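Student: build the 3D model from these lines:
(one chain, ligands or ions: 2)
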Amino acid sequence: MQENIFRINETEYILPGNRSCQGCGLSLAYRFILKALRENTIVAIPPSCLCVLHGLYPVCSVIVPAINITFAGNAASASGIVAALKALNRPDITVLALTGDGGTYDMGIQSLSGAAERNTDFIFACYDNEAYMNTGTQRSGATPMGALTTTTPILTKQEKKKDLIKIMEAHDIPYLATVSPAYPADLYDKFVKAKRIKGTRYIHIDTPCPPGWGYPAKDTVRIGKLAVETGVFPLFEIEDGKFRFTGRSETLAKKGKRQPVVSYVERQSRFKKMSIEQLNRFQHHVDSRWDEFVRRAES
Ligand SMILES: Cc1ncc(C[n+]2csc(CCOP(=O)(O)OP(=O)(O)O)c2C)c(N)n1
Ligand code: SF4
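Tutor: Numbering: from 1, shown residues only. Ligands and ions are numbered 1, 2, ... in the order given. Have a look, this model is predicted:
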């Protein structure tokens, strides 16, 4: 069932005054994730901006229980919580592993793959801000080609973004979805749906980040929308192998016209050294991926 915007849970689980930056896409996404999953949720978090948002003992800005663990052990620790809850016969509690792209694409991928292969009964969500932001914007496997980071400061990143969604789909898990905080109702619906499904559910969150991407803090929703409007970040879900566009991407696939990638790129200073050749390759990559998704949606 689709949730109506007026039925979105009014409880706030993140308290005001947390330590994320102004305009943080992660804090916006997290707000709606917790509204969707509600109080019976335990969150597993590795070191990251999310840790900073939660705060330092003895204060915490989030009112659900959370465990701070290592990067490599995130999905493994979350699997342990799932096993403990099973032993305690508490099927009412949702386990959420929420992890940055560094902790998902790079350092955490082996325990995530192991958990997905076992179809561990949890939600693993990657908030993808496309670099290691908490330690000052170093390149990750998720950083797009042509982006400046502190470890690719001269030539920009030369390699393409790793296709983690394909990797996760290859694990044949029951539910996989993409979401953006720029479309909170779509995000909310997908987490409500994921909560009801058993097994490994993987949700990929496009997470605009003002300091890391180089745009004004007021533009987070605009940048998130441009990622969808250009097809750089399509919104979809794959349930039991069946692909379906959702929200704005569904409309674009049926009758809309995608904007050119340059209108997304030109608003972010991380792309200021992107070459024309890289921009053309980026556009070509976005087009061919989009066409592949359209074919899947029609089949
Ligand atoms: C094994 C290990 N290597 C490096 C670090 C240092 N470290 C802390 S946060 C962080 C960046 C994490 O990046 P990401 O997972 O993308 O999350 P974000 O900071 O973007 O929220 C790093 C490298 C660490 N804590 N543990
Ligand atoms: S660096 Fe980016 S992801 Fe991290 S808290 Fe700031 S805005 Fe959020």
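
Student: and the helices in the chain?
Tutor: 25-37, 49-54, 74-87, 101, 109-117, 164-169, 184-196, 210-213, 220-229, 247-254, 262-265, 276-298 (DSSP state H).

Student: so who does Glu237 touch?
Tutor: 175-178, 190, 193, 243-244, 246 (CB atoms under 8 Å, 6 or more residues apart in numbering). All C-beta atoms are positioned from the backbone trio N, CA, C, and that covers glycine.

Student: just to revisit the earlier point, return the most buried member of the helices of the chain.
Tutor: The highest mean neighbour count among the helices of the chain, using mean count of other CB atoms under 10 Å, belongs to helix 101: a mean of 27.

Student: can you name every helix or strand that that one contacts?
Tutor: Packing partners of helix 101 (3 or more CB pairs under 8 Å, 6 or more residues apart in numbering; DSSP states H and E): strand 123-128.

Student: which residues does the strand it packs on contact?
Tutor: 25-26, 29-30, 33, 37, 50, 75, 78, 94-101, 103-105, 112, 115-116, 142, 164, 191, 194-195, 200-207.

Student: rerun that using 6 Å as the cut-off
Tutor: With contact meaning CB atoms under 6 Å, 6 or more residues apart in numbering, strand 123-128 is reached by 26, 96-101, 104, 112, 142, 194, 201-205, 207.

Student: contacting ligand 1 as well, which ones from these?
Tutor: For ligand 1, the contacts drawn from the contacts of strand 123-128 by CB under 6 Å from any ligand atom are 100-101.

Student: show me which of the contacts of strand 123-128 are buried.
Tutor: In terms of neighbour count (16 or more other CB atoms under 10 Å), the buried residues within the contacts of strand 123-128 are 26, 96-101, 104, 112, 142, 194, 201-205, 207.

Student: quick check: bridge partners of the residue nearest in space to the middle of the chain?
Tutor: In the chain, the C-alpha closest to the average C-alpha coordinate belongs to Ile205, at a distance of 1.8 Å (CA atoms, centre = their mean). Judged by DSSP bridges, the bridge partners of Ile205 are Tyr127, Val179.
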